[in-house]
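Asks: Would you be able to build a 3D model of this:
(one chain, ligands or ions: 1)
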Amino acid sequence: MVIAAVGQICSTASLSHNLEQCVGLISKAAVGGARVLFLPEASDYIAANSQESLSLAQPESQSPFVRGIQAAAKEHRLSVNVGIHVPVSVPVSPTSPGSPPETVTKLSNRSLWIDPDGTINHRATYDKLHLFDYGLLRESATVQSGRRLTEPFPSPVGRIGSLICFDLRFPEASLALAQPGPGCPWVSSPAEVVLYPSAFTLRTGVAHWETLLRARAIETQSWVIAAAQVGRHNAKRSSYGHSIVVDPWGTVKLELGGVNDEGEAVEGAVGAVGFVDIDLDEVARVREGMPLMRRTDLYPLS
Ligand SMILES: O=C(O)CNC(=O)[C@H](CS)NC(=O)CCC(=O)C(=O)O
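Replies: So this is what the prediction gives:
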């Protein structure tokens, strides 16, 4: 058994305030005996609009937010998974034939893994593949979709498959990580834990959040860990909260607080940290007890 901690924050456009929240949670997680802390998507900031989001992003290697998380992870000897934004240069097709190639700056919506010595595990970096365009939110206006799944990587709580938020609605991605068929390069070492750091909306959270997370755990026969943003980020935007850990049988092992109907976090929900014993034998027991032999010869995953 290894203790994992899940932290819930309310990011705003103030990176220093967001860092403060995360560092506080890293310390609480360490005091509680956790080996790993899972933090939400976009822990570095949630901006009020596209321009602000683009202007706040900093390269990973120069970001005071990332450095602050690295220093706190090292101080407390703890692994940390955290969601950030990083600028990326994206080629655009020339406006007229013969004009020079141009680029625009967009963002990667990135999940980072920081080891207990404070270094970034670059093999564990994942850039969100599916972008959320719904209602007033147009993620594709600022974010460039990632180019690949990240091969499941070892951690103190088992082999991890990283996905982010809206990726939750695409079961093929989690199946490829945790129940890979022939043709997946990591077929011998599938994920045992699937991550969905998130910032879900209220409307979709009430309707879908827990059901989707439990379904992903049940069908991948994996632990599912979803650290979530909660409460009001700015005048226009709130997140649903309810960070969850689900075991490979689909039982909810941990759930943190959410928001009221107005989108205000309930008492204690911002800055909450929860602890779960991750029992990896449970993955083996569930997978051996009920083998899910996919007929990917008839319905290929890719
Ligand atoms: O905006 C940022 O900076 C960080 N990114 C997010 O919060 C993203 C894109 S707007 N949110 C989601 O994917 C919510 C998905 C969701 O709510 C659903 O699938 O129902």
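Asks: CA only for contacts and neighbour counts going forward, please
Replies: Noted.
Asks: Can you get me a residue count around the residue of the chain found nearest the ligand?
Replies: The ligand sits closest to residue 200 of the chain, with a gap of 3.4 Å, by C-alpha to the nearest ligand atom. Neighbourhood size, residue 200 [other C-alpha atoms under 10 Å]: 22.
Asks: Distance of it relative to residue 126?
Replies: Note on residue 200: its distance to residue 126, by C-alpha to C-alpha, to the nearest Å, is 19 Å.
Asks: Likewise for residue 154?
Replies: Taken as C-alpha to C-alpha, the span from residue 154 to residue 126 is 14 Å.
Asks: When those two are compared, which one has more neighbours?
Replies: The neighbour comparison of residue 154 against residue 126 (other C-alpha under 10 Å) goes to residue 126, with 24 against 15.
Asks: OK, contacts around that one?
Replies: For residue 126, the contacting residues are 110-112, 146, 149-150, 162-163, by C-alpha atoms under 8 Å, 6 or more residues apart in numbering.
Asks: how about the strands in the stretch 201-302 of the chain?
Replies: In the stretch 201-302 of the chain, the segments counted as strands under DSSP state E, counting those that start in this stretch are 223-226, 230-234, 237-240, 244-246, 252-255, 273-278.
Asks: can you put the ones you listed in TSV and add mean pLDDT, distance to the ligand and mean neighbour count?
Replies: What follows is the strands of the stretch 201-302 of the chain, written out as TSV (pLDDT from 0 to 100; distance: least, C-alpha to the nearest ligand atom, whole Å; neighbours: other C-alpha atoms under 10 Å):
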stretch	mean pLDDT	distance to the ligand	mean neighbour count
strand 223-226	99	12	30
strand 230-234	98	10	23
strand 237-240	98	8	24
strand 244-246	98	15	27
strand 252-255	98	17	17
strand 273-278	98	20	20
